[in-house]
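Undergrad: Got a predicted model here, sequence first, then my questions.
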Amino acid sequence: MSVSSPPPTLLVQDGSYLQALSLKLSEAVSKAMLQPTGPVPVGELVGGRRPIPAGRGRALGLLIASELKACQNNPYLHKAILRSLRRPLSVLLSGLSALLLPLLSSPEFLSSPAPTVQAPNPNATQLHALAAADFAGELLETFDDMSLGLDNNARGDGLKAIREGLVSLIGRVVNPLIASIKSELMPLLASLENPVAVAVAVPKTGTKALHPSIVSLQAIMPVYARALARYTIALPSQTTLATFLISIIWRALVAVANRPQVKASPPTSPLGSPHLTPLTKREHVTSGNTSPATPPPARFSLKLPPSRPSSPPCISVTPSAAADVRALHELMVLLPRPTAECDATRLAHEAVEEALSDLTALATLLENIGNPLFKAGKSREAILEEIEKITADLPTLIALPVLLRSYSSGTIESPSIPPISSIINVSEDEYRKSCLSGFGRAEQCSSIIGYSVLDFLRVQGGLQSLAAQWLANRVDAVDH
């Protein structure tokens with residue numbers, strides 16, 4: 001429950017002002033750490049204590065800001081107040097650290113860290129740790145508004161160590177919780193690289209089949225979205241959130257871009273449904289020389305509906321990579337993102353938005369190259385121009401494997417071409433770790449990898465393919 005405090009009463013700026021302010025600040029720090037009164041909600045107690053109520057850090061910050069604003073026209077008194085803040089805030093930081101130490105070392109904090117559909121909320125230990133982090137985040141709002149703790153100069157306000165301590169405290173709580181969600185998501189995203197046939201009910205063949213990992217993500221992603229929104233209330237945690245989002249989006253891009261191309265094949269016969277194939281005319285019509293069989297007695301009895309409808313027959317379908325990426329993008333946008341309205345998080349917001357746009361671009365590329373009508377009635381120049389437009393902002397090493405599989409010989413059929421790691425004579429693991437560890441590293445390696453692939457295509461006589469022409473234009477643009 002949030003604590004709403006009335007505006008603090010300002011002290012009279014007389015000869016005893018600084019002494020009275022020091023006492024007032026010390027008392028405010030002590031009150032901020034006091035246990036709340038009232039009925040105890042179920043599941044909140046840890047060691048007989050309740051979590052710090054929301055709003056107490058903001059109330060303390062409001063007191064500090066009001067005293068500083070009251071002496072803006074008196075620089076000497078302003079500096080004296082800043083000096084008076086150091087001791088009580090150091091005591092506060094020590095108290096918060098002492099409060100967190102047993103919580104973070106408790107098995108309950110990381111025993112079941114990632115939320116699940118069955119247990120979507122933090123446990124009591126995690127709740128206490130998050131409350132302390134929220135308190136620090138609320139106090140840092142005042143630090144940001146008043147520009148406190150930003151000066152490295154020894155003659156500054158002397159609050160830089162307090163600011164860094166509060167930011168570190170938030171990270172000690174939030175980072176492990178976000179990392180636990182990441183550890184659950186990464187295997188699901190990595191498995192998108194492997195095409196898997198799924199069973200689809202015949203009446204639902206109009207709907208798009210999805211990879212089993214996407215189906216699992218559809219169930220758990222809303223839970224993760226609520227958890228991440230709870231974890232990243234404090235502004236300093238927004239950078240960690242952006243790093244997390246960019247890393248999982250990148251992992252998804254690498255997985256789908258390197259998924260082997262599966263040739264389209266007619267769906268298999270419905271499983272356990274031998275009657276799906278239509279009967280021939282001979283099976284429908286009896287011979288004219290044979291008398292019709294006598295209808296069974298059951299024909300004239302009252303027909304009752306079956307106790308349960310029979311399950312519809314199923315067919316085996318391999319989900320398309322394009323459909324999986326579209327579905328994944330819809331799930332990714334459910335997750336909270338850094339706000340664009342704050343200067344401190346605007347760059348992080350833009351980086352996340354660019355990563356999400358890469359997911360959309362990859363889906364568009366996969367949809368078009370998998371569509372036979374994409375090339376219909378177009379010249380090679382027009383097709384190449386269209387591909388370059390689609391991949392304009394897509395990382396080279398993400399678009400390259402997709403295009404090599406589809407256009408390396410100028411035809412839509414999948415040619416026999418080795419993976420990029422084999423072309424540059426390194427193992428797949430080494431290639432992934434060295435060149436595909438993130439957006440920045442992939443951009444650094446794109447030029448040298450591109451030239452190596454062009455040299456390979458030259459030896460193979462494939463320099464006239466659409467993929468080779470696209471790659472030549474791309475690496476030439478990077479070099480210039």
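TA: Done, it's in.
Undergrad: okay, now residue 44: neighbour count?
TA: When neighbours are counted by other C-beta atoms under 10 Å, residue 44 registers 14. Heads up, the C-betas are built off the backbone N, CA and C, glycines and all.
Undergrad: before we move on, what SS does it have?
TA: coil (DSSP: H, G, I helix; E, B strand; the rest coil).
Undergrad: Spatially nearest residue to it (excluding sequence neighbours)?
TA: Distance criterion C-beta to C-beta, 6 or more residues apart in numbering; nearest residue to residue 44, sequence neighbours excluded, is residue 50 at 5.4 Å.
Undergrad: Helices of the stretch 51-200 of the chain, start to end?
TA: 56-70, 75-104, 107-110, 124-145, 160-190 (DSSP state H, counting those that start in this stretch).
Undergrad: Among those helices, which one carries the weakest average confidence?
TA: When these are ranked by mean pLDDT, helix 107-110 comes last with a mean of 88.
Undergrad: and for that helix, what are the contacting residues?
TA: The contact list for helix 107-110 (C-beta atoms under 8 Å, 6 or more residues apart in numbering) reads 103, 123, 124, 125, 126, 129, 176, 180.
Undergrad: next one: it to chain centre, how far?
TA: Averaging C-alpha positions (C-alpha atoms, centre = their mean, to the nearest Å) puts helix 107-110 23 Å from its chain's average.
Undergrad: cool, stretch 242-251 as well?
TA: 6 Å.
Undergrad: How about stretch 169-185?
TA: With C-alpha atoms, centre = their mean, you get 13 Å for stretch 169-185.
Undergrad: still on that earlier bit, residues contacting the residue nearest to residue 44?
TA: 35, 36, 40, 44.
Undergrad: Please indicate which of those are buried?
TA: Burial by neighbour count, judged by 16 or more other C-beta atoms under 10 Å, picks out nothing from the contacts of residue 50.
Undergrad: from these, which has minimum pLDDT?
TA: Lowest confidence among the contacts of residue 50: residue 40, with 76.
Undergrad: Which secondary structure state does it sit in?
TA: coil.
Undergrad: That one - nearest residue in space that isn't next to it in sequence?
TA: Nearest to residue 40 is residue 50, by C-beta to C-beta, 6+ apart, at 6.3 Å.
Undergrad: From residue 230, how far off is that neighbour?
TA: Distance of residue 50 to residue 230, given as C-beta to C-beta, to the nearest Å: 18 Å.
Undergrad: separation between residue 130 and residue 249?
TA: Distance from residue 130 to residue 249, by C-beta to C-beta: 25 Å.
Undergrad: quick one: residue 182 and residue 245 touch, right?
TA: No - contact criterion C-beta atoms under 8 Å: residue 182 and residue 245 do not qualify, at 9.9 Å.
Undergrad: Compare the two (neighbour count), which wins?
TA: residue 245 (24 against 18).
Undergrad: For the stretch 151-300 of the chain, just list every one of the strands.
TA: 198-201 (DSSP state E, counting those that start in this stretch).
Undergrad: Quick one: low-confidence residue ranges for it.
TA: Within the stretch 151-300 of the chain, the stretches with pLDDT under 70 are 152-156, 201-207, 263-300.
Undergrad: The nearest residue to residue 227 once chain neighbours are set aside: how many residues sit nearby?
TA: Leaving aside its chain neighbours, residue 227 sits nearest to residue 115 (4.5 Å; criterion: C-beta to C-beta, 6+ apart). Neighbour count for residue 115, taken as other C-beta under 10 Å: 24.
Undergrad: quick one: which of the contacts of residue 50 is nearest residue 135?
TA: Comparing these against residue 135 with C-beta to C-beta places residue 36 closest, at 12.4 Å.
Undergrad: if I look at that closest one, how far off is residue 422?
TA: 63 Å.
Undergrad: Return the residues in contact with residue 225.
TA: 334, 335, 336 are the contacts of residue 225 under C-beta under 8 Å, 6+ apart.
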